[in-house]
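>>> just need the structure, nothing else, for what follows:
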Amino acid sequence: MEDLQKLKQKYQRAMIIINHQKVELKNANDLILKLKEENQDLMEYKNAYYSLKTAGVSLPYVRD
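Below is the predicted model:
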C-alpha cells in the first residue's frame with residue numbers, strides 16, 4: 001500500500017512538471033511568433049528603404 005502511495009506521489013510530481021513545461025513551451029512559442037512578426041516588419045521596412053533608395057529618393061533622416 002505504501003508503494004502505491006509513493007507511486008501516486010511520483011505521478012503527481014511528474015504531472016506538475018509536465019504542466020509547467022507545457023506552460024513554458026507555450027510562452028516560448030508565443031515569443032517566437034512575436035519575433036517572426038517583428039522580423040517580417042523589419043524586412044518590409046528594409047525592402048521599402050532599398051526601393052526608395054534605388055528610385056533615387058532622398059532620405060535625409062535615414063543613416064546608411
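
>>> okay, now the unreliable bits of the protein?
Judged by pLDDT under 70, the chain has its weakly predicted residues at 62-64.

>>> if you set the cut-off to 80 instead, what comes out?
For the chain, the stretches with pLDDT under 80 are 1, 59-64.

>>> quick one: the strands in the protein?
Counting by DSSP state E, the chain has no strands to list.

>>> now do the helices in it.
Along the chain, the segments classed as helices by DSSP state H run 2-54.

>>> next, the buried residues of stretch 11-21.
For stretch 11-21, burial by neighbour count (16 or more other C-beta atoms under 10 Å) applies to no residue. For glycine as for every other residue, the C-beta is placed from the backbone atoms N, C-alpha and C.

>>> off-centre distance for it?
23 Å (C-alpha atoms, centre = their mean, to the nearest Å).

>>> how much space separates Ser58 from Leu52?
9 Å (C-beta to C-beta, to the nearest Å).

>>> neighbour count: those two, which is higher?
Applying other C-beta atoms under 10 Å to Ser58 and Leu52 shows that Leu52 carries more neighbours, namely 13 against 7.

>>> does the more buried one touch Lys46 like I think?
No: here Leu52 lies out of contact with Lys46, judged by C-beta atoms under 8 Å, at a distance of 11.0 Å.

>>> skipping adjacent residues, who's closest to Leu59 in space?
Spatial nearest neighbour of Leu59, chain neighbours left out: Leu52 (6.3 Å); criterion: C-beta to C-beta, 6 or more residues apart in numbering.

>>> for Asn39, give its distance to Gly56.
28 Å.

>>> same thing with Leu25?
Using C-beta to C-beta, Leu25 is found at 49 Å from Gly56.

>>> those two: which has the busier surroundings?
Per other C-beta under 10 Å, whichever of Leu25 and Gly56 has more neighbours is Leu25, with 10 against 6.

>>> from Ile18, how far out is the more buried one?
10 Å.

>>> and Asn47, by the same measure?
On the measure of C-beta to C-beta, Asn47 and Ile18 end up 43 Å apart.

>>> try Leu42
Distance from Leu42 to Ile18, by C-beta to C-beta: 36 Å.
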